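> sequence first, predicted coordinates after that:
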Amino acid sequence: MSQCNHIAELPHPEPAPRGDTCAECLAVGSHPVQLRLCLECGNVGCCDSSPYRHATLHFQRTGHAVMRSFEPGESWRWCFVDGSIV
């Protein structure tokens, strides 16, 4: 894991998830593969293995740099800006 400056900028406590699945996938009738939670605002989006890559699109639209896995039993975090697990 690497260190990134974006971790220090995150809200504490972690934001509550805005839902239990990718709302954008539901809206277009797609099935999310893996879920990711934005650690700045609580948006839940699908991973890059999903057809629409909504978690990455959320980062591109908002600049919210750090997300974590929203899958049961997983807690790893990813920084889009640094391109690494943090």
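Structure received.
> state the distance from the residue of the chain most remote from its centre to Y52.
In the chain, G29 marks the outermost C-alpha relative to the chain mean, sitting 19.9 Å out by Cα atoms, centre = their mean. To Y52, G29 is 11 Å away according to Cβ to Cβ, to the nearest Å. All C-beta atoms are positioned from the backbone trio N, CA, C, and that covers glycine.
> try H12
Counting by Cβ to Cβ, the gap from H12 to Y52 is 30 Å.
> just the pLDDT at P17, thanks.
P17 is assigned 98 on the pLDDT scale.
> surely it and G42 touch.
Yes. Counting by Cβ atoms under 8 Å, P17 does reach G42; the two are 5.3 Å apart.
> what's the helix or strand where L26 lies packed up against?
For L26, the element it lies in under DSSP states H and E is helix 23-28. Here helix 23-28 touches strand 44-46, helix 54-62, going by 3 or more Cβ pairs under 8 Å, 6 or more residues apart in numbering; DSSP states H and E.
> most tightly surrounded among those?
When you average the neighbours per residue for each of the helices and strands packed on helix 23-28 (mean count of other Cβ atoms under 10 Å), strand 44-46 leads with a mean of 26.
> that strand pairs with which strands?
strand 35-38 (antiparallel) (DSSP bridges).
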